[in-house]
Each structure stands twice: as structure tokens, then as C-alpha cells.
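Student: next come a sequence and a model predicted from it.
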Amino acid sequence: MTSVNPLDEPTPVCGACGVACERGYSMSINTETGERHDYRCLDCSERERWVEYEQTRILRTRLLEDAAYEGWMRRNDYPEGWTRPPAAPDLLTEVIAANEALHDAAKTFEREVWFKGLQTQVQAAKLNGQSIQTDRLKWLVFTSAGRCLNTLEDLEDHHSVTFITSEDGDECVMGVQGVEGRLEDVVGLVGLALNVWQEGPQVVGDEKVRMLGM
Ligand SMILES: [Zn+2]
């Protein structure tokens with residue numbers, strides 16, 4: 001009987017720059033066959049995220065992490081050993097500002113929704129998963145291990161955002177857990193949720209809501 005050790009697999013080669021992906025890699029998976037393809041080294045995958053943003057203005061969770069990390073590195077004058085590909089300064093500034101705008105949206109959601117009734121309903125709920133159904137908005141709520149996630153998704157255009165906070169207490173700790181979409185679309189989505197909340201929607205237990213976040 002033979003066993004396969006994934007550590008014995010050959011180091012993949014980056015499909016963009018041709019170097020061996022010694023420090024790690026990203027890849028695509030064919031969901032039908034399970035076949036892996038389109039390997040990228042860490043530098044190329046980050047570079048491609050910035051190219052995608054420049055072309056589409058779609059914010060993704062990894063891009064926000066890249067921007068936060070690179071912003072920190074710039075403030076610290078690029079410590080020795082810096083090897084990551086720097087983003088164009090104007091794009092970096094734009095994404096850092098977008099990150100702050102998303103944080104502001106999280107705080108508005110926290111103030112106007114979470115502390116105005118949703119937290120109370122979550123704490124009283126019997127199921128970990130709950131949802132609010134509207135024509136345009138898919139709104140899923142999931143609690144686990146003292147944390148509560150709210151995922152908002154536009155059912156037509158499929159941009160989405162997930163906020164995370166503590167299930168208990170009255171400290172303002174809500175933040176952005178994940179995002180996919182242009183800033184104006186995601187901010188509009190949060191505005192839609194605020195309007196829905198003011199109408200006093202039914203928050204219903206939903207067993208299909210099991211794991212959220214990105
Ligand atoms: Zn590469």
C-alpha cells in the first residue's frame with residue numbers, strides 16, 4: 001500500500017513569471033475534475049490582484065489585506081528584506097481610503113442595526129443561523145463561539161460584505177470580515193440593509209445558514 005505525502009509533490013512553477021514557487025503559491029481548481037492549474041507565485045498573485053482592481057475597481061478581502069500591509073511597510077520606510085511588488089501609489093491610496101470607508105459603513109451598521117434590535121434578537125434566537133429575506137437583499141446572520149457574522153449580498157449583482165462582531169456586550173468592536181464588490185456598490189448594499197432594518201423585518205431561524213465569511 002502506498003500513501004501520498006503532499007510534501008513530496010514537486011514545487012509548482014509560476015505560470016506568469018516561471019520561477020519555482022518556493023515561498024508558497026495560489027492556484028485555480030477546476031471544480032468538476034479537481035484538477036489544479038494556473039499556479040502563481042505570491043508576488044505574481046498579488047500583482048494580478050492589483051491589475052484586476054485597476055481594471056474593475058472590485059475590492060476583495062485579500063486586496064484590502066495587501067493594501068493594509070503595504071501601507072504599513074511604506075510608513076516604516078520598507079524595512080530590509082522587502083520583496084513584495086509595490087502597488088502603484090495612487091491605487092494604494094485609493095484602496096486604503098476604500099478600506100476606511102468600509103470601516104465607516106461597518107460602524108454605521110453597528111450603530112443603526114446591531115445595537116438597535118438585531119443583537120437582542122440574535123441573543124434570543126434558538127438557532128445559530130438566521131436570515132432576513134427581501135427581493136433584492138440576501139442577509140444572513142450566523143453566531144459561533146461568541147462571534148456574530150452578518151453577510152449582506154445583492155441578489156442581482158452579487159456584490160457582498162461580511163461584518164463580524166462580538167455576540168455579547170456593548171463595546172463597538174464590529175469590523176469588516178470580507179468584501180467583494182466596488183466600493184460604491186458595497187456602501188449602497190449597506191444602505192439598503194439600513195432601510196430594510198427600519199421597516200422592522202422578520203428575522204427568522206434558518207438551518208441552512210451554517211458557515212459564513214470569506
Ligand atoms: Zn510569479
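Tutor: Structure's in. What do you need? Numbers count the residues shown, from 1 in each chain.
Student: next, the contact list for the nearest residue to residue 39 once chain neighbours are set aside, please.
Tutor: The shortest distance from residue 39 to any residue that is not its chain neighbour, by Cβ to Cβ, 6 or more residues apart in numbering, is 4.1 Å, and that residue is residue 12. C-beta here means a position set from N, CA and C on the backbone, and glycine is covered the same way. Listed by Cβ atoms under 8 Å, 6 or more residues apart in numbering, the contact set of residue 12 reads 20-21, 25, 27, 39.
Student: same thing with residue 60?
Tutor: Under the criterion of Cβ under 8 Å, 6+ apart, the contact partners of residue 60 comprise 49, 52-53, 179-180.
Student: redo that, cut-off 7 Å
Tutor: The contact partners of residue 60, by Cβ atoms under 7 Å, 6 or more residues apart in numbering, come to 49, 179-180.
Student: grab the most central residue of the protein for me.
Tutor: Centre of the chain computed as the mean C-alpha position; nearest residue by Cα atoms, centre = their mean is residue 178, 1.7 Å away.
Student: what about the residue nearest to residue 24 when sequence neighbours are not counted, neighbour count?
Tutor: Of all residues not flanking residue 24 in the chain, residue 42 sits nearest, at 5.4 Å (Cβ to Cβ, 6+ apart). Residue 42 is surrounded by 17 other residues when neighbours are defined as other Cβ atoms under 10 Å.
Student: tell me the buried residues in stretch 19-38?
Tutor: For stretch 19-38, a neighbour-count test (16 or more other Cβ atoms under 10 Å) marks 21, 25-26 as buried.
Student: let me have those in CSV, extended by secondary structure.
Tutor: Supplementary listing: the buried residues of stretch 19-38 in CSV, determined by DSSP: H, G, I helix; E, B strand; the rest coil:
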residue, secondary structure
21, coil
25, strand
26, strand
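Student: CSV for those residues, including distance to the ion and pLDDT?
Tutor: As requested, those are exported to CSV (distance: Cβ to the ion, whole Å; pLDDT from 0 to 100):
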residue, distance to the ion, pLDDT
21, 7, 92
25, 8, 91
26, 10, 90
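Student: just to revisit the earlier point, narrow the contacts of residue 60 to those in helices?
Tutor: Secondary structure of these is defined by DSSP state H; positions in helices are residue 49.
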